[in-house]
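[1] Could you work out the structure for the sequence below:
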Amino acid sequence: KGKVFNTLGQILNEPEAESEVTERWSIHRKAPAFDQLESKTEMFETGLKVVDLLTPYVKGGKIGLFGGAGVGKTVLIQEMIMRVAKLHEGVSVFAGVGERTREGNDLIEEMAESGVLPQTALVFGQMDEPPGTRLRVALAGLTMAEYFRDVQKQDVLFFVDNIFRFTQAGSEVSTLLGRMPS
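    Purely as a prediction, here's the structure:
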């Protein structure tokens, strides 16, 4: 927590802290058996009244925030990260797929200013990196979220931003392999 990683798990914001990384997990792990999945439905209270009323989230569920550029998706994500850190004492994992350097840097600075960076793990694959790297950022973030959930027994809020750039990276990889993108 409180660190910024690349797809390979290398710490970017504190290179001297690289020795702190004691465990490495594969990003390609088997899914849990169906009978191990939890079937109860529990609402996740974000603390944002309009979100809780109009689009309630289910713990363990998935939701997408779609909108044009500059409408406030990232602001909403940051607010939710802050609420999870402060209200639920949980951890948030943010996977920035194809982020521009400026966007990632602004996000890190805003998280540090608001005091939620210590309760957040961020993994980035920037737009100038190869498509294979960008494609694996979401999987690296998911692996981090599973670690916090399974090993540290914490509530985890996992974000992937930007899903379009994730699918774009997959399309680029397919094209490079000479296969039809799906």
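[2] Could I get the full set of helices for this protein?
    With helices called from DSSP state H, the chain shows them at 49-54, 73-87, 101-114, 131-150, 163-176.
[3] what bits of the chain have low per-residue confidence?
    Along the chain, the parts satisfying pLDDT under 70 run over 15, 17-21.
[4] In it, which strand is the longest?
    strand 91-99 (DSSP state E).
[5] Packing partners of that one?
    The contact analysis (3 or more C-beta pairs under 8 Å, 6 or more residues apart in numbering; DSSP states H and E) places strand 91-99 against helix 73-87, helix 101-114, strand 120-126, helix 131-150, strand 156-161, helix 163-176. Where C-beta positions appear, they are placed from N, C-alpha and C, glycine not excepted.
[6] so which of those is the most packed in?
    Mean neighbours per residue, mean count of other C-beta atoms under 10 Å, is largest over these for strand 120-126, with a mean of 25.
[7] Centre of the chain to that one, how far?
    7 Å (C-alpha atoms, centre = their mean, to the nearest Å).
[8] which residues touch that strand?
    With contacts defined as C-beta atoms under 8 Å, 6 or more residues apart in numbering, strand 120-126 is touched by 1-7, 12, 81, 85, 91-101, 104, 107-108, 111, 133-137, 140-141, 144, 148, 169.
[9] I'd like to know which of the helices of the chain is closest to residue 31.
    Closest approach to residue 31 among those (C-beta to C-beta): helix 131-150, 10.6 Å.
[10] quick check: angle from that closest one to strand 156-161?
    Angle of helix 131-150 versus strand 156-161, following axes from the mean of the first three to the mean of the last three C-alpha atoms, to 10 degrees, is 170 degrees.
[11] what's helix 131-150 packed up against?
    Using 3+ C-beta pairs under 8 Å, 6+ apart, the elements in contact with helix 131-150 are strand 91-99, strand 120-126, strand 156-161, helix 163-176.
[12] can you tell me which residue is nearest the centre of the chain?
    Centroid-nearest residue in the chain, with C-alpha atoms, centre = their mean: residue 94, separated by 2.8 Å.
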